[in-house]
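**Student:** Let's see this in three dimensions:
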Amino acid sequence: MNDDPQQASQTRVWECFAVAIQFLTRVPVSWLPGSRLPDRSPEEYARLLQRSVVYFPVVGGLVGLFTAVVLVTSLAVGLPPMIAAFLALGAEAVLTGAFHEDAFADTWDALGGGWTRERILEIMKDSRLGTYGTLALLLGVGIRASAMSVIAAQGYVLSIVSIVAAASLARLAILAMMATTNPIADRATQARDIAGQQSIANLRLAALLSLPFWVAWAWSGVGIALIAMIAACLMLVWFRGMLLRRVGGTTGDLLGCSAYLTQLVILIGATLR
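**Tutor:** Here you go, the predicted model:
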């Protein structure tokens, strides 16, 4: 048994970070020092998952870095920008299990095809993909690839900082939604247990932790970055209002959709240079 409070605290930090990686990607986390996730009970794991949310933007930034590296490597070997962008997005989907793409498609399938709250939630639980979800996914991935191909013309460094910032801020948007919008109370989900425990203080901490992943992008073009972040905030306000009107709160899919929408807005803004 470990009686050192400082070492125990460091272990909890590493475990929370490991849980964030495990939740958002398919990367095995056994290599992280101090991680003892297989030994944790379901109750302990649930508490770690609640605390891990502050690391979501950090993990998002690392995912964005992976995507950016694939993009610039593809460009360096002579591939056209659009093909390089689609290859990078494909590699990212393998890394994350297309986690947010699935949420994005399910959300618009439900909001597009459901006329009542009950029907929207029913469609969202259906694993099959309908017309609205398919169209949303095609548009979403297409816009991301197009924006990344345009950003590629800015040079390797600006491409990397822009893609990393978009990925990190997208996961920060999840925490912003959690901290300001209650989860749907009558639907027993993991997202309800996680989202209901977040606060504005956690949002501030997550923004501080993720600052290295988006400050370079913001500094490289303050005016454009400010416009893009204001646009992302306005989009989140609109999206949150629609969710409150139509279903009365958030679910895991709706939170994932908010991240994907934020990423699209930031990437579109990055093309304005």
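
**Student:** Which residues does stretch 178-188 contact?
**Tutor:** 53, 121, 189, 191-192, 194-196, 198-200, 202-203, 240, 243-244, 247-251, 255 (Cβ atoms under 8 Å, 6 or more residues apart in numbering). Bear in mind the C-beta positions are built from the backbone N, C-alpha and C, glycine included.

**Student:** tell me which element residue 67 is part of?
**Tutor:** Counting by DSSP states H and E, the element that carries residue 67 is helix 56-76.

**Student:** helices or strands up against that helix?
**Tutor:** When contacts are defined as 3 or more Cβ pairs under 8 Å, 6 or more residues apart in numbering; DSSP states H and E, helix 56-76 sits against helix 5-24, helix 81-96, helix 156-180, helix 200-220.

**Student:** would you list those in a markdown table and tack on distance to residue 105?
**Tutor:** Output for the helices and strands packed on helix 56-76, formatted as a markdown table (distance: least, Cβ to Cβ, whole Å):
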| stretch | distance to residue 105 |
| --- | --- |
| helix 5-24 | 17 |
| helix 81-96 | 12 |
| helix 156-180 | 16 |
| helix 200-220 | 26 |
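
**Student:** out of those, deepest packed?
**Tutor:** helix 156-180 (a mean of 25; mean count of other Cβ atoms under 10 Å).

**Student:** Show only the entries of the contacts of stretch 178-188 found in strands.
**Tutor:** Among these, none falls in strands (DSSP state E).

**Student:** Could you identify the buried members of those?
**Tutor:** Among those, those buried by neighbour count (16 or more other Cβ atoms under 10 Å) are 53, 121, 191-192, 194-195, 198, 202-203, 240, 243, 247, 249-251, 255.

**Student:** Tell me the one of the residues you listed nearest residue 92?
**Tutor:** Distances from residue 92 to those, taken as Cβ to Cβ, are shortest for residue 255 (18.5 Å).

**Student:** For that closest one, list the residues it contacts.
**Tutor:** Residue 255 touches 103, 174, 177-178, 191, 195, counting by Cβ under 8 Å, 6+ apart.

**Student:** pLDDT check: weakest of those residues?
**Tutor:** Among the contacts of residue 255, residue 191 carries the lowest pLDDT, at 68.

**Student:** Find the centremost residue of the protein, please.
**Tutor:** Per Cα atoms, centre = their mean, the C-alpha nearest to the average position across the chain is that of residue 171, at 3.5 Å.

**Student:** Quick check: pLDDT value at it.
**Tutor:** Value listed for residue 171 in the pLDDT field: 97.

**Student:** From residue 52, how far out is it?
**Tutor:** Distance of residue 171 to residue 52, given as Cβ to Cβ, to the nearest Å: 11 Å.

**Student:** likewise residue 85?
**Tutor:** Residue 85 is 30 Å from residue 52, where distance means Cβ to Cβ.

**Student:** And for residue 81?
**Tutor:** The gap separating residue 81 from residue 52 is 35 Å, by Cβ to Cβ.

**Student:** Just give the number of residues close to residue 222.
**Tutor:** Other residues near residue 222 come to 9 when the count uses other Cβ atoms under 10 Å.

**Student:** so what's it up against?
**Tutor:** Contacts of residue 222 by Cβ under 8 Å, 6+ apart: none found.

**Student:** begin at 58 from here
**Tutor:** Happy to do that; since the first residue is 58 now, the last one works out to residue 279.

**Student:** Would you mind giving me the confidence score for it?
**Tutor:** Here the pLDDT value assigned to residue 279 is 93.

**Student:** and what of residue 87?
**Tutor:** Listed pLDDT for residue 87 reads 71.

**Student:** any low-confidence regions in the stretch 108-257 of the chain?
**Tutor:** Applying pLDDT under 70 to the stretch 108-257 of the chain flags residues 244-249.

**Student:** switch to 50 and redo it
**Tutor:** Confidence mapping of the stretch 108-257 of the chain against pLDDT under 50 gives zero matching residues.
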